[in-house]
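[1] The sequence and its predicted three-dimensional model are supplied below.
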Amino acid sequence: MQNKTILVSSILAASLLMSGCDSDSDNNDTPEQNEVATKSVSIDFRAVVGDTEVVCSENNVTKLYTNVGTTNETVSFTDFRFFVSEVYMLKADGTRVAVTLQNNDFQYQAANGDHTALLDFEDATGDCVERGNTPELYTTLVGTVPEGEYVDLEFTLGVPFAINHDKDSYVDVKALNQPNMNWSWQAGRKFTKIEVKPQSDPSLVWNFHLGSTGCLANEDTNNSVVTSECAQANRVQISLQNFDAQRDYVRVNYQSLLSLNDVSQDLGGASGCMSALIDPECEGIMSNLGLDMANQTGECINDGDCSSQQFFGVAVK
């Protein structure tokens, strides 16, 4: 009997010791051990006209591009900038993972996850001189994602509503405070500022300014003007399949975007298209972005599906 009692006591003591060890192990886990491992990611964008890279000048001479628009116009660029946001990478099983952008002069990541970046392809040379431009280029998104394999890329051409219309909270964010990207008449920002000068009429600057329209502003309790909503958001959701960030880049093709427009003339409204619903130049360019101009919704044509867009694609580096 004595030997049996000793055996039971030993088993109980061992069980308690093991339990204690497990407990100590749980309590001693460091925060680093519980964090998800991440890796750096760089997403390259290249603006082109057909197969030719967009630049303002080459060898100190203004760069000219041919075969633009329905009349095969020759143009030079005076500006080429746009905002992207809501950047996601997708796994093979469809899991969407947000890219955490690195904060710098061209990118902004808020604590709540909202983010946006200004991609800039002009260098203030050639016909880009004195257009409110800067010499700095920015053509690659940089950030982190959880470790893993990713096969697709998603992003939005535009700025999230909260960031776009809350100027006071982002007054110190350089990427969001570029005076020539302000969409002042709609209390927000231009999502795109892409402008060309047709050589058949060098006095004409043909603009494409995409931004939210039909925005309503109210005064809050502090007598500050606050944008409450916009009838046409005009934010374009882009989905690119079979995208490997190490192997591929995002091809931004101005020639495809303007395939339905004659950039040698302006038929009414602002020069080119500045997102106005009644501007005849906007119908073709909005269609090539997959936006529903016919019903004036400011949304993608097929219930949020902008896959018909012709502006962005995937190409191998």
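    Happy to help now that I have it. Quick caveat, the model's predicted, so the values are computed rather than measured.

[2] Any figure for the gap between Ala217 and Asp152?
    For Ala217, the distance to Asp152 (Cβ to Cβ, to the nearest Å) stands at 37 Å. For the C-beta atoms, the positions are set from N, CA and C on the backbone; glycine is no exception.

[3] Likewise for Gly298?
    From Gly298 to Asp152 the distance is 25 Å (Cβ to Cβ).

[4] So which residues of the stretch 201-317 of the chain form strands?
    206-210, 213-219, 225-232, 236-240, 248-253, 272-273, 312-316 (DSSP state E, counting those that start in this stretch).

[5] What residues of the last one count as buried?
    Buried residues in strand 312-316, counted by 16 or more other Cβ atoms under 10 Å: 312-314.

[6] What is the burial count for Tyr138?
    Applying the criterion other Cβ atoms under 10 Å, we find 19 residues in the vicinity of Tyr138.

[7] Now do the same contact list for it.
    Counting by Cβ atoms under 8 Å, 6 or more residues apart in numbering, Tyr138 makes contact with 105-106, 117-120.

[8] picking that back up, dump the buried residues of strand 312-316 to TSV, plus pLDDT.
    Shown next, in TSV, are the buried residues of strand 312-316 (pLDDT from 0 to 100):
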residue	pLDDT
Phe312	98
Gly313	98
Val314	98
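
[9] So which residues of the stretch 51-200 of the chain form strands?
    52-53, 57-58, 61-62, 65-68, 73-90, 96-98, 100-101, 107-109, 115-120, 140-146, 152-157, 182-183, 188-189, 192-198.

[10] now this structure, which segments are flagged as low pLDDT?
    Applying pLDDT under 70 to the chain flags residues 1-34, 167-168, 219-225.

[11] For Gln199, see how far away Leu64 is.
    7 Å.

[12] For the helix or strand containing Ala47, give me every contacting residue.
    Taking DSSP states H and E as the criterion, Ala47 maps to strand 38-49. Residues outside strand 38-49 that contact it (Cβ under 8 Å, 6+ apart): 53-54, 65, 67-68, 80, 87, 89, 99-100, 119, 121, 139-147, 153, 245, 249-255, 315, 317.

[13] Compare Ala217 and Asp152 (neighbour count), which wins?
    Asp152 (18 against 13).

[14] Does that one touch Thr95 like I think?
    No: using Cβ atoms under 8 Å, Asp152 is not in contact with Thr95; the gap is 10.3 Å.

[15] beta partners of the residue positioned nearest the centre of the chain?
    Central residue of the chain (Cα atoms, centre = their mean): Val84, 1.2 Å from the mean position. Per DSSP bridges, the residues bridged to Val84 are Ala117, Leu157.

[16] Touching, it and Leu157? I think so.
    Yes: counting by Cβ under 8 Å, Val84 does reach Leu157; the two are 6.1 Å apart.

[17] Next up, the contacts around the closest residue in space to Thr70 that isn't next to it in sequence.
    Residue nearest to Thr70 in three dimensions, not counting chain neighbours: Asp262, with 4.9 Å by Cβ to Cβ, 6 or more residues apart in numbering. Residues in contact with Asp262 (Cβ under 8 Å, 6+ apart) are 69-71, 73.

[18] what's the distance between Asp262 and Thr71?
    Asp262 is 5 Å from Thr71, by Cβ to Cβ.
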